[in-house]
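In: Provide a 3D model corresponding to the input given below.
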Amino acid sequence: MEEKVRHDSLWTDLRHFFHHLSLKIGRKGFLILLFIALFGGAALGGWKTGFWARIYRGYNQAAIMVVVEDSQTGRLLLGVPVEADGQVLETDEGGKVFFEELPAREVTFKVSLPGFKDFFQTVRLKRGPNKELVFSLQIATSEVVGEATDYVDGAPIAEAKVAAPGGQTTTGKDGKFVLEEVIVGTPEITISKDGYFEFRQTVELSKNVVEEMGEIKLLAKGRVVFVSNRDGKNAIYWAKLDGSGLGKTWENKAGFDDTTPYLSPDKQKIIFLSNRDNQKGEYGDIQYFLYYNDTSGESLQKISFDTGLRLRGWLADGSGFVYETYSRSEGEGWQRKILPLAYAAMWPTYGEIKIVKVPTLTVSTLVKDSGFKVGDDYVEMRLLALSPKSDWIAFNVENYDVPDKTGVYLIHPDGTGRRRISTYAAASYWEGGGTVGFSEDGKKVFYEQWREGKRVCYSYDIASDKETKISTCPADRVGVYSSAQKLKAFIDYRDGKSDVYLSKKDGTSERRVTFAGGVTDVYFAGPNDRYLVYSVSREQESALYVVGLKRGSKPLKITDISSGFAGVVPE
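Out: Numbering: from 1, shown residues only. The predicted model follows:
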């Protein structure tokens, strides 16, 4: 059909041509011209190359100016090849190209330039000058496809924002995305989602070629805080959950140690021990003092000059930090009776319970062992526990010479309200006990004791001042809680190994999460607490691992440590 139209148009043009030619030179002149063409052999070349073709083209010529510009900026483009009817011309500095010998008929213009979409436009040209054409080239684009998943548990990440120059979209429920209209070249693809570090990657993108990015693992925000001696001295480090971004939270003093960090409940403050003062004690050992800093590393401050410290932890509301001080025994009391003097001289006895008030960072003494002495008798305070409601501190006292002072005690963090809740001391670790703790709601205290030759567990109700014998001590499984997941994670020693277990807050639906043993600390982490981060101390390694709560998730190693896993700082 198109071919027939072209022939019809050609014959129409020819009739017009001969009509106008006869008007110009007359009938006699036309016959003479025909005679010359026939006998001169010019007609033998045919209509495409012969005499009549040249005359016809000269009669049927069209001329047109073409301007090429950038559609986005309006900038005129230099050196752009423009093709029309087999002719290829390049634009000048003004973005223009002039065609003066095109046929007066439908002509297709084609423009192809790297970085821009191919341009095609068909125009019907008339004889003679034609109206100027402006071709606006659009930036070349292509598609990018991929799938966003969680680095730790591999789950698809829905509703993540995917963007690149020229296009934007979001991931579906399956984590997959198709990003259209991305400008070709080397665009940077970004993927962002609340709770995750932004992903950035530059890709090589060609026209009309779909870029397959495959699986993209997004890393949740958060940094683990721990102690490492990787440069020869202990220092407090942090790192992302994949081990990247590892560095010191602040510089330890050259040649000295910062260690034993405790991260505050709001994850903004750290209390730790340091020997940066280079002060030696009575026995020639370098003394460790209590220091404070925030996670920015810009608020370093020495808290006290106490030595012989045992850190106990933060109050749940972050209003204070509790620690104990001790002095070395010289063979007093029962130690003098049953232990060699040389060994007893190195036995630590905790002398005071103190609290650091936050934010003032002032230190006050809550309990002194001298308050439980009669004369020079020996007193040991141990097995301290902090209430989850921040209203009580429980501790154990043993006076081997004056039993009336022995027992389990409670005291408020402000130093008031001290009372003895049991006349028996809690069983010590070497007696197979070592448990004093609070219930999850902070209303009860649990402790193990030896009574009448048997180890038994008791529960003390604080409000009613009533003690009850129970079968097991829940404090054996003191854990961490996730309000987002409504779950409890705890460490338990079974099968000869210390591992992480997970249950509902009421203790039901329990399942084991780790199996290799050696777990020392565990914390929830990640978006909506979807992971557990834990430390291990085994013969072959001391390290941090992260594992998803999703069943089937495999533990991923974060980094090696020397000691002291303080927790996870969100970002």
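
In: Helices of the stretch 51-200 of the chain, residue ranges please.
Out: 51-59 (DSSP state H, counting those that start in this stretch).

In: Give me the residue ranges of it where confidence is low.
Out: Within the stretch 51-200 of the chain, the ranges that satisfy pLDDT under 70 run 51-59.

In: Going by residue numbers, what spans are strands in it?
Out: 61-70, 81-84, 87-90, 96-103, 106-111, 119-124, 128-129, 133-137, 141-150, 161-164, 167-170, 176-183, 188-192, 199-202 (DSSP state E, counting those that start in this stretch).

In: Save these as a markdown table, and put in mean neighbour count and distance to Phe256 too.
Out: Using the backbone N, CA and C atoms, a C-beta is placed for each residue, glycine as well. Below are those laid out as a markdown table (neighbours: other C-beta atoms under 10 Å; distance: least, C-beta to C-beta, whole Å):
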| stretch | mean neighbour count | distance to Phe256 |
| --- | --- | --- |
| strand 61-70 | 19 | 62 |
| strand 81-84 | 18 | 71 |
| strand 87-90 | 12 | 72 |
| strand 96-103 | 16 | 75 |
| strand 106-111 | 17 | 70 |
| strand 119-124 | 13 | 70 |
| strand 128-129 | 11 | 88 |
| strand 133-137 | 17 | 66 |
| strand 141-150 | 21 | 40 |
| strand 161-164 | 20 | 46 |
| strand 167-170 | 16 | 51 |
| strand 176-183 | 18 | 51 |
| strand 188-192 | 18 | 41 |
| strand 199-202 | 13 | 39 |
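
In: Quick one: closest of the ones you listed to Gly247.
Out: strand 199-202 (20.4 Å; C-beta to C-beta).

In: wait, what's in contact with Lys357?
Out: Taking C-beta atoms under 8 Å, 6 or more residues apart in numbering as the criterion, Lys357 is in contact with 319-320, 363-364.

In: Pull out the buried positions in the helix or strand where Glu212 lies.
Out: Using DSSP states H and E, Glu212 falls within strand 211-218. For strand 211-218, a neighbour-count test (16 or more other C-beta atoms under 10 Å) marks 211, 213, 216, 218 as buried.

In: Surely Asn528 forms part of a strand?
Out: No - checked against DSSP: H, G, I helix; E, B strand; the rest coil, Asn528 lies outside a strand; its state is helix.

In: how about stretch 549-567 as PDB, C-alpha atoms only?
Out: Coordinates of each C-alpha in stretch 549-567 appear next as PDB, following Å, rounded to 0.1, in the frame of the first residue of the first chain:
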ATOM      1  CA  LEU A 549      15.500 -14.700  65.400                       C
ATOM      2  CA  LYS A 550      14.000 -16.300  62.300                       C
ATOM      3  CA  ARG A 551      14.200 -20.000  62.500                       C
ATOM      4  CA  GLY A 552      17.000 -21.500  60.400                       C
ATOM      5  CA  SER A 553      19.200 -18.400  60.600                       C
ATOM      6  CA  LYS A 554      22.900 -19.100  60.900                       C
ATOM      7  CA  PRO A 555      25.200 -17.300  63.200                       C
ATOM      8  CA  LEU A 556      27.500 -14.800  61.500                       C
ATOM      9  CA  LYS A 557      30.800 -13.800  63.000                       C
ATOM     10  CA  ILE A 558      31.200 -10.100  63.600                       C
ATOM     11  CA  THR A 559      34.700  -9.700  64.900                       C
ATOM     12  CA  ASP A 560      37.300 -11.100  67.400                       C
ATOM     13  CA  ILE A 561      37.500  -9.500  70.800                       C
ATOM     14  CA  SER A 562      39.700  -9.900  73.900                       C
ATOM     15  CA  SER A 563      37.000  -9.400  76.500                       C
ATOM     16  CA  GLY A 564      34.300  -7.100  77.700                       C
ATOM     17  CA  PHE A 565      31.200  -7.100  75.300                       C
ATOM     18  CA  ALA A 566      29.200  -4.100  76.500                       C
ATOM     19  CA  GLY A 567      26.200  -4.200  74.100                       C
END
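
In: So what's the gap between it and the chain middle?
Out: 15 Å (C-alpha atoms, centre = their mean, to the nearest Å).

In: top of the contacts of Lys357 by neighbour count?
Out: Gly320 (22 neighbours; other C-beta atoms under 10 Å).

In: Distance of that residue relative to Thr249?
Out: Gly320 sits 22 Å away from Thr249, going by C-beta to C-beta, to the nearest Å.

In: so what's Arg538 up against?
Out: Arg538 neighbours (C-beta under 8 Å, 6+ apart): 516-518.

In: Reformat the residues you listed into TSV and put distance to Ser498, secondary structure and pLDDT next to each item.
Out: Formatted as TSV, those follow (distance: C-beta to C-beta, whole Å; DSSP: H, G, I helix; E, B strand; the rest coil; pLDDT from 0 to 100):
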residue	distance to Ser498	secondary structure	pLDDT
Ala516	10	coil	92
Gly517	6	coil	92
Gly518	6	coil	93
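
In: Now list the buried members of these.
Out: Buried, going by 16+ other C-beta under 10 Å: Gly518, out of those.

In: that older thread, what would the contacts of Lys357 look like in a markdown table with distance to Glu159?
Out: Converted to a markdown table, the contacts of Lys357 look like this (distance: C-beta to C-beta, whole Å):
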| residue | distance to Glu159 |
| --- | --- |
| Ser319 | 38 |
| Gly320 | 41 |
| Val363 | 49 |
| Ser364 | 50 |
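
In: Among those, which ones are in strands?
Out: Those of the contacts of Lys357 mapping onto strands are 320, 363-364, per DSSP state E.

In: Nearest to Glu467 among these?
Out: The nearest one, if we look at the ones in strands among the contacts of Lys357 relative to Glu467 and count by C-beta to C-beta, is Gly320, at 27.7 Å.

In: Verify the stated contact: that closest one with Ile355.
Out: Yes - judged on C-beta atoms under 8 Å, Gly320 makes contact with Ile355 at a distance of 4.7 Å.

In: Which neighbours do the two have in common?
Out: What both Gly320 and Ile355 touch, as defined by C-beta under 8 Å, 6+ apart, is the set Pro413.
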